[in-house]
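Trainee: sequence plus predicted model, see below.
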Amino acid sequence: MEMTQSKSRLLWACRRGMLELDVLLRPFVEQSYEQLSIDQQLCFQKLLACDDPDLFAWFMKHKVCPDPKMAELVDVILSHNQLTHPR
């Protein structure tokens, strides 16, 4: 895997089979991905390789991601979404 993927490739990878995932992942890449550390960017790329049902369960807090670094990133993405789309 290359160090960091281009933004356009990441945005393409954010296109998921579930709209709920699209609305979390795409804005995060557009607005916050570049502020992540290289390790976090690589972790995000690894997160995008996960199956949609797993991602959905983690983002909806039905399950906890077994990888602690990815679980932390899920929380970062959820926090970003809360800041940009407060209820």
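Mentor: Good, I have the coordinates.

Trainee: contacts only, for the residue nearest the centre of the chain.
Mentor: For the chain, Leu25 is the residue whose C-alpha lies nearest the centre (Cα atoms, centre = their mean; 4.9 Å). Neighbour list for Leu25: 14, 16, 48, 77 [criterion: Cβ atoms under 8 Å, 6 or more residues apart in numbering]. Quick note: C-beta positions are derived from backbone N, CA and C, even for glycine.

Trainee: could you flag which of the residues you listed are buried?
Mentor: Buried members of those, scored by 16 or more other Cβ atoms under 10 Å, are 14, 16, 48, 77.

Trainee: all helices for the chain, in order.
Mentor: 7-13, 19-31, 38-48, 52-59, 68-84 (DSSP state H).

Trainee: residues of the shortest one that come out buried?
Mentor: Just to be clear, that refers to helix 7-13. 10, 13.

Trainee: where does it sit relative to the chain's centre, distance-wise?
Mentor: The chain centroid and the centroid of helix 7-13 are separated by 12 Å, computed with Cα atoms, centre = their mean, to the nearest Å.

Trainee: many thanks, have a good one.
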